[in-house]
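**Student:** structure here, sequence nowhere to be found:
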């Protein structure tokens, strides 16, 4: 049955290989079950409910990828996108988390329409390539900065704006030291190609936090999934026609679109899965997976769902079909009944994972055309303004607007697409208002 449905022989793989690949992918991305509740919990959302929403949305989206697209990619609420949700939209712009969930819901609906009309691929092709690379790098810097801040390694300072935290007073403030030790351990495990290095690192940080009083062991024998009721269908539709909603929805769309496209193309290329024209097989169905996951996830109470680059770990193990993704979905479902283990994990244990994921997202910087200043300056502004302004959307704004203006001033306006002109106009309108 599995052989016939997933065409294993045709894809030069076996059931055993696909199962192993699925386990590997899950181990490399399961950190999201600890990190996502921690990040979204900063907005006041119930962490237990966010955990359940994270699991269910991941299961559904990955099942769509497995059974419809039949590709070996897993999905879950995206890193960077959850940071934008919590730290920019809610804590930075001052909106409620209900407003942010509404934006994610609208994004999901738009993605479904764009995917059905084959418009998603057209939009992706019209955006400057160097800015696509820069956005990934900028989000990586932003995530790493948040990890360092959450661990107390970097703190605010009136004189210098930022300063090194108190990492020496282990007795009084053990958090930064635990985070640094966990960071080094995780880095070493990654260098040695140990499967599940991020998850092992988080577990080690949680264990170190027990004697320090930072990790609170489960005081319950109730392992039932936490209720979704505190965050289920909590939308704020009264704000859907505001400029802030337009810009937030656009940013979610923009970042998720390029995150998914980059992962699909990059991992497919590495696995020699691209067709003769360099296209990802069944890409439309793959796009529907994250569109459906995002729409459902917002209703359940979590941020944008996207395809995970950690899927590359399973592909490296030989995963080539949807059976790999099906294995990941089943493992996510099993995790639903282990919520106390994930929810007890403190921020100092998850912070190193944020730093390392940020480092992983730096890879596209090598693809930026640094010798062309009309390309490299907008790319640099995109990257640097995300952590410096504490906002992903502001970084994108600086990048897009500077790109259009530099092309205009240097007589290279023909290189700017109509879509990019529209995006720049929207950003300028936001800036003036």
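**Tutor:** Sure thing, it's come through. This one's a predicted model, so the numbers in the text were calculated from it and none came from an experiment.
**Student:** wait, residue 224 sits on residue 340?
**Tutor:** No - the pair residue 224 / residue 340 is not scored as a contact, 10.0 Å apart, by C-beta atoms under 8 Å. Just so you know, the C-beta spots here come from the backbone N, C-alpha and C atoms, and that holds for glycine as well.
**Student:** centre of the chain to the longest helix seen in the chain, how far?
**Tutor:** Longest helix in the chain by number of residues (criterion: DSSP state H): helix 243-270. In terms of C-alpha atoms, centre = their mean, to the nearest Å, the centre of helix 243-270 is found 10 Å from the chain centre.
**Student:** show me what counts as buried in the helix or strand just after that helix.
**Tutor:** Note on helix 243-270: by DSSP states H and E, the next helix or strand toward the C-terminus is helix 283-300. For helix 283-300, a neighbour-count test (16 or more other C-beta atoms under 10 Å) marks 283, 285-300 as buried.
**Student:** by mean pLDDT, which helix or strand of the chain comes out lowest?
**Tutor:** Across the helices and strands of the chain, mean confidence by mean pLDDT, DSSP states H and E is lowest for helix 119-126: a mean of 66.
**Student:** if you count neighbours, what's buried in the helix or strand just after that helix?
**Tutor:** Remark: after helix 119-126, the chain's next helix or strand is helix 129-150, criterion DSSP H and E. The neighbour-count check on helix 129-150 (16+ other C-beta under 10 Å) flags 130-150 as buried.
**Student:** equivalent analysis for stretch 7-18, please.
**Tutor:** 8, 11, 13, 17-18.
**Student:** one more: stretch 395-412?
**Tutor:** Judged by neighbour count using 16+ other C-beta under 10 Å, the buried positions of stretch 395-412 are 395-404, 406-407.
**Student:** show residues contacting it.
**Tutor:** 128, 131, 134-135, 138, 142, 251, 254-255, 373-375, 377-379, 381-386, 389, 413, 415-416, 420-421, 423-424, 427-428, 430-431 (C-beta atoms under 8 Å, 6 or more residues apart in numbering).
**Student:** and that stretch, average pLDDT?
**Tutor:** Per-residue pLDDT over stretch 395-412 has a mean of 91.
**Student:** rewinding a little: mind checking which of residue 224 and residue 340 has more residues around it?
**Tutor:** Taking neighbours as other C-beta atoms under 10 Å, residue 224 and residue 340 compare with residue 340 leading, 18 against 11.
**Student:** how about the nearest residue to the more buried one once chain neighbours are set aside, secondary structure?
**Tutor:** Excluding the flanking residues, the one nearest residue 340 by C-beta to C-beta, 6 or more residues apart in numbering is residue 218, at 3.6 Å. Assigned by DSSP: H, G, I helix; E, B strand; the rest coil, the conformation of residue 218 is coil.
**Student:** can you pull out the low-pLDDT segments for the stretch 1-150 of the chain?
**Tutor:** Residue ranges of the stretch 1-150 of the chain with pLDDT under 70: 121-127.
**Student:** what are the ranges of the strands in it?
**Tutor:** Using DSSP state E, counting those that start in this stretch, the strands found in the stretch 1-150 of the chain span residues 75-77.
**Student:** all helices for it, in order.
**Tutor:** For the stretch 1-150 of the chain, helices defined by DSSP state H, counting those that start in this stretch occupy the ranges 2-6, 15-29, 32-41, 47-64, 81-83, 97-116, 119-126, 129-150.
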